[in-house]
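# Sequence and predicted structure are below.
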Amino acid sequence: MLLTEQRIKDRLGSEGPKRGFGAFPSDYQKGVMASTILQEANTIQKSASGQSKTFDIFLSHSAKDKELVVGTKLILEDLGYSVYVDWIEDPQMDRSSVTKETAELLQKRMQNSKSLFYAFSTNSANSKWMPWECGYFDGIKNGKVAVLPISRSNDTNFKGTEYLGLYYYITIENDTELKQRIWVRESENNYVVYEGWMSGSKPYKR
């Protein structure tokens, strides 16, 4: 099953009791929590190592999906992966202003990331940065790019349009031992666990 907007919002909402919003925070409260989490992350990053820091996943996304991106980042981090999101790790960056320095910083961050997940949403088609990030990363990391569809329904399969159809796609589901894992898929029945993909294995028929 694809990662859904509702699952992402539920994960963000699960932070409610920890942050004094109760067990069922409203959408407005979830937005406030997302902002709070961002502020905390920014404070942590100011004391963290600089551009040499490495990440498991570079999360390429639309700037219009901030709340969904925060929830997605939490889900991936729950599984033990480090995730790069530009405006969290590098809050000084202005995505609305394209400069040589911005591009060079993003290139450095991609060089220090093991894989790129392309967060495909209703907003991603209008992003100016995402296709550039995808192409650059694909060129320097031997194809370690996959689409992370964010669905509005409980779909089980993803068919990418245009150039996105060239890439594998991501689902997050239980394995046979009921442990949540990241799966890299070519189709619904052809897939491999993320660690296997990173080691060079391709999705295979189950």
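All right, it came through fine.
# When you work out contacts or count neighbours from here on, use the C-alpha atoms and nothing else.
Will do.
# how about the most centrally placed residue in the chain, phi and psi?
Nearest to the mean C-alpha position of the chain, by Cα atoms, centre = their mean, lies L59 at 3.8 Å. Dihedral pair for L59: phi -90, psi 100, per degrees, to the nearest 10.
# Which neighbouring residues are in contact with it, exactly?
The neighbourhood of L59, defined by Cα atoms under 8 Å, 6 or more residues apart in numbering, consists of V83, Y84, V85, L116, F117, Y118, A119.
# Distance check, the third one against I57.
I take that to be V85. 9 Å (Cα to Cα, to the nearest Å).
# Next: the second one.
Computed with Cα to Cα, the distance linking Y84 and I57 is 6 Å.
# Give the residues shared as contacts by those two.
Common contacts of Y84 and I57, defined by Cα under 8 Å, 6+ apart, comprise S113.
# on that earlier part again, name whatever forms a beta bridge with the residue nearest to the centre of the chain.
F117 (DSSP bridges).
# Let me know the secondary structure of I182.
Look at I182: counting by DSSP: H, G, I helix; E, B strand; the rest coil, its state is strand.
# The nearest residue to it once chain neighbours are set aside: which element?
Leaving aside its sequence neighbours, I182 sits nearest to I172 (Cα to Cα, 6 or more residues apart in numbering; 4.7 Å). Secondary structure from DSSP states H and E places I172 in strand 168-174.
# what lines up beside that strand in the sheet?
Strand 168-174 has its sheet partners listed here by DSSP bridges as strand 145-151 (parallel), strand 180-185 (antiparallel).
# how about the longest one: buried residues?
Right, strand 145-151. For strand 145-151, the neighbour count (16 or more other Cα atoms under 10 Å) marks V145, A146, V147, L148, P149, I150, S151 as buried.
# Now do N154, the pLDDT please.
Note on N154: pLDDT of 78.
# could you measure the residue nearest to the centre of the chain against N190, distance?
23 Å.
# contacting residues around the strand holding I172?
Residues outside strand 168-174 that contact it (Cα under 8 Å, 6+ apart): 1-3, 145-149, 158, 179-186.
# and the residues you listed, which are buried?
Those of those that meet the buried threshold are 2-3, 145-149, 158, 181-186, by 16+ other Cα under 10 Å.
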